[in-house]
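1. predicted model and sequence below, questions to follow.
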Amino acid sequence: MHHLEPRSLRLLAKASRVMKALPVAGIDVLGHYAGAMIAPYDFSGIRLTTPNQGFSGEETISVNGMDLVLQEVGPAHTPGDAIVYLPSENVLYAGDIGPVANIMAGLGKVLALDADYIVPGHGPIATRVDVELQVSYWDTIQEELHWRCRQGMSPLRAATDLLLSPAFRSSPFAKWDSPERLLRNAQALYQEWGHRPLPLPENLAKLNTLRQQGILALMQPDATPRCMHRR
């Protein structure tokens, strides 16, 4: 859902209500999945604030007498990904780094700072153990998806096969929120391995991925959030 402006998200929320009534080619599933994802949020009255200063490498700034150490970790999720470390509190704001090409290096920098608490871009406050588990997740899915790729499986088929495998279902990753997002990670990895995605317009490709993730979500009725995995 990143890179979508508030106005686009408001339009998607309205469109999802219409799509729920169209049981054709999984459009109703897309409506349920996207609608349940957006429902808890109110995007009205939001204005984006863009940066007015940049940096590269590392820079320390002071805010209200507290030093903030800025470290560049991109290009990863975006070309300018950065983390913010507060030495006096030993707290790290990791933001939303990733995906695959540089995520391991970014996570390595996070671990190297050895902060007591890590504030991610999504989810609850984390610790070093959580970051190590994230590293294990990427190691695991890269290995599992790569041999499926070599066998000629599409990203969707490979993600489905892995999600429904006994090994994955018994792993801690199956209990994470929205495990069906493995599909998006599979698509990113496949592109790194030279796989060309379907030639769809960007926004249509995003909606198609959401539709496919919605179908995968319904295959996992016990996953969380329940509202996105049960109709």
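-> On my side now, so go ahead.
2. OK, contacts around the residue of the chain most remote from its centre?
-> Here the chain reaches farthest from its C-alpha mean at G65, the gap being 33.7 Å by C-alpha atoms, centre = their mean. By C-beta atoms under 8 Å, 6 or more residues apart in numbering, no residues touch G65. Heads up, the C-betas are built off the backbone N, CA and C, glycines and all.
3. ramachandran coordinates for it?
-> The phi and psi torsions at G65 (degrees, to the nearest 10) take the values phi 80, psi 0.
4. can you show me the CA trace of the worst-scoring helix or strand of the chain on mean pLDDT as CSV?
-> Every helix and strand in the chain was compared by mean pLDDT, DSSP states H and E; the lowest is helix 100-113, with a mean of 85. Only the C-alpha atoms of helix 100-113 are listed here, as CSV (Å, rounded to 0.1, in the frame of the first residue of the first chain):
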residue,chain,number,x,y,z
VAL,A,100,15.1,-7.8,-0.7
ALA,A,101,18.1,-6.4,-2.4
ASN,A,102,19.5,-4.5,0.5
ILE,A,103,17.3,-5.6,3.4
MET,A,104,19.8,-7.9,4.9
ALA,A,105,22.4,-5.2,4.9
GLY,A,106,19.9,-2.8,6.5
LEU,A,107,19.0,-5.4,9.2
GLY,A,108,22.7,-5.9,9.8
LYS,A,109,23.1,-2.2,10.6
VAL,A,110,20.1,-2.4,12.9
LEU,A,111,21.6,-5.3,14.8
ALA,A,112,25.1,-3.7,14.9
LEU,A,113,23.7,-0.7,16.9
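5. that one: which residues count as buried?
-> 102-103, 106-107, 109-111, 113 (16 or more other C-beta atoms under 10 Å).
6. now stretch 194-212
-> Under the neighbour-count criterion of 16+ other C-beta under 10 Å, stretch 194-212 has 206-212 buried.
7. list the residues that contact the one residue sitting closest to the centre of the chain.
-> Geometric centre of the chain, nearest residue: R181, 7.1 Å, by C-alpha atoms, centre = their mean. Residues in contact with R181 (C-beta under 8 Å, 6+ apart) are Q213.
8. so which elements touch the least confident helix or strand of the chain?
-> strand 82-86, strand 91-95, helix 128-150, helix 182-192 (3 or more C-beta pairs under 8 Å, 6 or more residues apart in numbering; DSSP states H and E).
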